[in-house]
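**Q** Return atomic coordinates for the entry below.
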Amino acid sequence: ERVESARNFANKIWNASKFVLMNLTHDEEIFNYDINKLKIEDKWILSKLNKTIREVTENINNYDLGVALQKIYDFIWDEFCDWYIEMVKPRLYDAENPTRLEAEFTLNYVLTCALKLLHPFMPFVTEEIYTKLIGAQKTIMLTDWPKAEEKFDFNVEEEQVEVLKQIITSIRNARANMNIHPAKKSQIIFVTESFDNAIKDGDAFIKKLGFGEEIVVSKVKENIPENALSVTAPGIEAYIPLAELIDKEAELARLNKEKEKTT
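**A** A predicted model of the protein is given here:
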């Protein structure tokens, strides 16, 4: 089981890296990125990377190798592959997006640092991928160990995106439980006093991952449809109007059948 898990992890890294390499179109130009144009999802993953570098470095220095490897595994699989790559796709697929350069820089930088952290544990796959990245040296074995960059400590944005992830996950789970097809998009109404700028900055990935067609942000609960599905997270509520998403009669019939099975 451990070998199969490691194999799956290697496949995950390989496929994610192929996607990154396919979308790096600016070559060395990415290092001229504008830090002020980083989007909230960029700041989130860069801040998460900083924490991972600091923790893994401490773990290795203390010979807690199993703990170090698990943290690298979790960062690459969960944060980078499953979340950040999906968040950044709308910008990569838009050749005219004004922040595409910053997206490419972030992908290349985070993947480079993650491979360096992983290299002592998986030397061959990491070496092969590393040599294809922008700015790579002759071999990963002679590069410096990654260091956390203070300029990438975006603690506020990191916390905000973690809350937005909770909302998105709740929306996806609720839609799945109600058998709403992913192709059916909906309006998402946010009620919050502190996340309006974060929602505006993350508009593209919220729509993509939350199956949103339109995003509305309000500070008060007004004009919320009666049949709206609601999900909450600290400091924020989200409402999804269900009128055009579900067939009420069909859904009632399905629920009644489930009820019969459990009684």
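**Q** So for the protein, the centremost residue is which one?
**A** The structure's the chain has its C-alpha centroid closest to Trp83; by CA atoms, centre = their mean the separation is 2.2 Å.
**Q** what helix or strand is the nearest residue to it once chain neighbours are set aside on?
**A** Spatial nearest neighbour of Trp83, chain neighbours left out: Lys165 (6.8 Å); criterion: CB to CB, 6 or more residues apart in numbering. No exception for glycine: its C-beta is placed from N, CA and C like everyone else's. Secondary structure assignment for Lys165, by DSSP states H and E: helix 155-177.
**Q** starting at the chain centroid, how far to that helix?
**A** Computed by CA atoms, centre = their mean, to the nearest Å, the separation of helix 155-177 from the middle of its chain amounts to 10 Å.
**Q** Show me where the stretch 51-200 of the chain dips below the pLDDT cut-off.
**A** Counting by pLDDT under 70, the stretch 51-200 of the chain contains no low-confidence residues.
**Q** that older thread, can you pull the buried residues of the helix holding Lys165?
**A** By neighbour count on 16 or more other CB atoms under 10 Å, the buried set for helix 155-177 is 157-158, 160-161, 163-168, 170-172, 174-175.
**Q** Please put the alpha-carbon coordinates of it into PDB.
**A** Coordinates of each C-alpha in helix 155-177 appear next as PDB, following Å, rounded to 0.1, in the frame of the first residue of the first chain:
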ATOM      1  CA  ASN A 155      -0.700  35.900   6.300                       C
ATOM      2  CA  VAL A 156      -4.000  37.900   5.800                       C
ATOM      3  CA  GLU A 157      -4.500  36.700   2.300                       C
ATOM      4  CA  GLU A 158      -3.700  33.200   3.300                       C
ATOM      5  CA  GLU A 159      -6.300  33.200   6.000                       C
ATOM      6  CA  GLN A 160      -8.900  34.700   3.700                       C
ATOM      7  CA  VAL A 161      -8.400  32.100   1.000                       C
ATOM      8  CA  GLU A 162      -8.700  29.300   3.600                       C
ATOM      9  CA  VAL A 163     -12.100  30.600   4.400                       C
ATOM     10  CA  LEU A 164     -13.100  30.900   0.700                       C
ATOM     11  CA  LYS A 165     -11.900  27.300   0.300                       C
ATOM     12  CA  GLN A 166     -14.300  26.300   3.100                       C
ATOM     13  CA  ILE A 167     -17.200  28.100   1.300                       C
ATOM     14  CA  ILE A 168     -16.300  26.500  -2.100                       C
ATOM     15  CA  THR A 169     -16.100  23.000  -0.500                       C
ATOM     16  CA  SER A 170     -19.500  23.500   1.200                       C
ATOM     17  CA  ILE A 171     -21.000  24.600  -2.100                       C
ATOM     18  CA  ARG A 172     -19.600  21.700  -4.000                       C
ATOM     19  CA  ASN A 173     -20.800  19.200  -1.400                       C
ATOM     20  CA  ALA A 174     -24.300  20.700  -1.200                       C
ATOM     21  CA  ARG A 175     -24.600  20.600  -5.000                       C
ATOM     22  CA  ALA A 176     -23.400  17.000  -5.100                       C
ATOM     23  CA  ASN A 177     -25.900  15.900  -2.400                       C
END
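**Q** Can you tell me which helices and strands it packs against?
**A** Applying 3 or more CB pairs under 8 Å, 6 or more residues apart in numbering; DSSP states H and E, one finds that helix 155-177 contacts helix 40-61, helix 196-201, helix 203-209, strand 228-233, strand 236-241.
**Q** Residues contacting it, please?
**A** Applying CB atoms under 8 Å, 6 or more residues apart in numbering, the contact partners of helix 155-177 are 40-41, 43-44, 47-48, 83, 182, 188, 195, 198-199, 202, 206, 209-211, 229, 231-236, 238, 240, 245.
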